[in-house]
Structures are given as structure tokens and as C-alpha cells.
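Student: Take this sequence and fold it.
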Amino acid sequence: MAAPSDPQLALRQFSKRHEFFVGVDSDGCAFDTMEVKHKECFIPNIINSYDLAAISKYVREAAEFVNLYSQWRGINRFPALVMAFDLVMNRPEVVARRFRVPALKGVREWIKHETKLSNPTLAREVEAKNDPDLALALAWSEAVNRTIGEMVHDVPPFPFVRESLECLQGKADVMVVSATPGEALEREWEENDLKSFVSLIAGQELGSKKEHLALAAVGRYDLDKILMIGDAPGDMKAAFDNGVLFYPIDPGFEDESWQRFFEEALPKFLNGEFAGGYMDAQVARFQSLLPSEPPWKTA
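Tutor: Model (predicted):
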């Protein structure tokens, strides 16, 4: 029996009601919110919080590449921050300006040992260590959440998301599997009248996407009856690390991906025809869209 204080209790107690399980990512997958959140909320707050106006162009390019246009698309905000700074630090233009990019030493150490990378766990670390590096990262992250709360609302789901969720009713248990803070997820699914279609909304406070699937689905359902839908390689890795199926929402082709899911992939999943060649073809197309090297290195 998990302790009452266990933040993952809701996952451990997830109730199986149907034969199939579907995990759905939220930002950039169910909702067209990735671009606005990163370009208007995350990145301006990075530049402001870390006083990076002198190199803002390069910070923006690096953060957009990591979070939107690379194989790291969709990773947790804190490792993404470190990766963006590493890319900026090594750009010849930044070196030529003799600009000293923050090292993020405390954040790097925290990421190494913490599995639940969220504001609450970071706040506890700040209180325990009184590290200004961690405190600044927390202030930045809280500013991001405030900006998202102020700006990102009334963003509808992609076409065929609602139709797919309606089709799954009575056939599959559906759970939101996301690295977004739970408060934002609850608001977005509620305001679009989609919350009733899902059994649980799991955000970053409940652990990683891999943990979400492992605790809520694996062991309760046959592995070939568990499907993760996502728009990022991290979603795919969470699925494959658990030995379950994955359907990609292709970045830049989200409308087409959801229509294909509704008309083609969903029937195949429910009929036991999704695994194998069909899934392999979806994954191959998806992987071809997200490079590992930024454009300024390959130009």
C-alpha cells in the first residue's frame, strides 16, 4: 500500500474499466499550444530572467530548436533550459561577443538526482540548499507558468481529437500523459470540454511519462492493448521503454496525423492490427522530421 503522501498515488490506484488503454500527450499533441507557449512564454522569460538581451537572437534560436524542432522536442523544461544554454555557449557569435552564458551548475546537479522535475520539487531543493542558481531557475519557471496562465487560453484541440476521444468511449481507458504542470492541464482540458473523456490527468508532478505509463497501465492491460499518442520523441521513448505501442502526431502535420489516427490507426489498434509494419511506418515518418543537429551547424 502506497503511503498517503505518495504524489503518484493516483497512478498506482488507476482503475481499469475497459480492455484497452490510451495515453495522450497534451501540448503540441492534443492542443496546438507548443509554439505559443515556447515562443511567447518560455523564451521571453529566459531572456528576461537571465539578462540575455545581448544574445537574445541566439538564445531564441537555440531554445526553439531544442523545444520545437529537434529530437528533444517536448522534453521537460529544466533539461531543455540546460541544453539551450549549452548550444548558445558554443556558438561562435556568442563567443565573439565575449558574453558569459550562465553555467546553471545548481540546476545541472539537481537534474542528475531528481526524477520528478517540477516546481514543487525544485522549491523544496531551493529551501534545503539556499542555492541562488536554483532559486533563479524556480523564479523563471514560475514566471513561465504565470505568463502561460495569462496568455494561453481558448486554444481548441486539433481537428479529430474530440472525434477520436468520443470513439474511444466505452472501449478504452484514456489518460493524459504529460510533462506540463497539472494546473495548466486541468484548465486546458476543462475549458475545451474534454475532461470527461479521460480517467486521469497526469502532469509533471506525478513523475515522468515513462512512470505514468508504467504505474497506471503496465501490468493492468495486455501490452499490445496499451497505446501512447504523442508528438515528441520522449513520448515514443516512454512507450517503447514500457514495451507498449506508439502513434506519432507529426510536428507540422498535426491535422493530418489526427485524421489518419481517427480513420485508420484507431480501428487498427482496436482490431489488433496496429503493431508491426503499420506502426513501424508511422514511426519512421515521424523520426525523419526531427533532426539532432541545429541548422546553424549543418548549414
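Student: Quick check: buried residues in the one helix or strand Ala184 maps to?
Tutor: Take DSSP states H and E as the rule and Ala184 turns out to sit in helix 182-191. Within helix 182-191, the residues scored as buried using 16 or more other C-beta atoms under 10 Å are 182, 184-185, 187-189. For glycine as for every other residue, the C-beta is placed from the backbone atoms N, C-alpha and C.
Student: Reformat those as TSV; add pLDDT.
Tutor: Formatted as TSV, the buried residues of helix 182-191 follow (pLDDT from 0 to 100):
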residue	pLDDT
Gly182	91
Ala184	87
Leu185	94
Arg187	91
Glu188	91
Trp189	96
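Student: Show residues contacting the helix or strand just after the helix holding Ala184.
Tutor: Counting by DSSP H and E, the element after helix 182-191 in chain order, helix or strand, is strand 200-202. For strand 200-202, the surrounding residues in contact (C-beta atoms under 8 Å, 6 or more residues apart in numbering) are 10-11, 14, 175-178, 182, 185-186, 189, 195, 212, 216.
Student: ok so, going back, show residues contacting the helix holding Ala184.
Tutor: In contact with helix 182-191 (C-beta under 8 Å, 6+ apart) are residues 26, 31, 33, 145, 148-149, 152-155, 176, 178, 195, 198, 201-206.
Student: Wait, Thr33 touches Lys39, no?
Tutor: No - with contact defined as C-beta atoms under 8 Å, Thr33 does not count as touching Lys39 (10.9 Å).
Student: For these two, indicate the residue with more neighbours.
Tutor: Higher neighbour count among Thr33 and Lys39: Thr33, with 21 against 15, using other C-beta atoms under 10 Å.
Student: now that one: how far from Asp173?
Tutor: The gap separating Thr33 from Asp173 is 24 Å, by C-beta to C-beta, to the nearest Å.
Student: which parts of the helix or strand where Asn48 lies are buried?
Tutor: Per DSSP H and E: Asn48 is located in helix 43-49. Residues of helix 43-49 classed as buried by neighbour count (16+ other C-beta under 10 Å): 43-47, 49.
Student: do stretch 150-159 as well
Tutor: So, applying 16+ other C-beta under 10 Å, buried residues of stretch 150-159: 152, 157-158.
Student: ok, Cys29 touching Gly234?
Tutor: No - counting by C-beta under 8 Å, Cys29 sits too far from Gly234 to count as a contact (11.2 Å).
Student: all strands of this protein, in order?
Tutor: Taking DSSP state E, the strands of the chain run over residues 20-24, 172-177, 200-202, 226-230, 245-248.
Student: Run through who's touching the fourth one.
Tutor: Going back to what we said before, that points to strand 226-230. 20-25, 29, 74, 177, 209, 213, 217-218, 235-236, 238-239, 242, 244-249, 261, 269, 274.
Student: give me the number of residues near Lys57?
Tutor: Lys57: 12 neighbours (other C-beta under 10 Å).
Student: For Cys167, give its distance to Asp25.
Tutor: Cys167 sits 18 Å away from Asp25, going by C-beta to C-beta.
Student: ditto for Asn119
Tutor: Taking C-beta to C-beta, one finds Asn119 at 20 Å from Asp25.
Student: between the two, who's got more neighbours?
Tutor: A side-by-side neighbour count of Asn119 and Asp25, using other C-beta under 10 Å, places Asp25 first with 24 against 20.
Student: That one contacts Met34, doesn't it?
Tutor: No - at 10.2 Å, Asp25 does not count as touching Met34 under the criterion of C-beta under 8 Å.
Student: what sits in contact with each of those two?
Tutor: In contact with both Asp25 and Met34: 74, 231, using C-beta under 8 Å, 6+ apart.
Student: As CSV, the contacts of strand 200-202 with distance to Lys112 would be great.
Tutor: Converted to CSV, these look like this (distance: C-beta to C-beta, whole Å):
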residue, distance to Lys112
Ala10, 27
Leu11, 24
Phe14, 29
Met175, 29
Val176, 28
Val177, 24
Ser178, 23
Gly182, 24
Leu185, 27
Glu186, 30
Trp189, 32
Lys195, 35
His212, 22
Ala216, 26
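Student: Can you give the distance from the lengthiest helix in the chain to the centre of its chain?
Tutor: Counting residues, the longest helix found in the chain (DSSP state H) is helix 132-151. Relative to its chain's centre, helix 132-151 lies at 17 Å (C-alpha atoms, centre = their mean, to the nearest Å).
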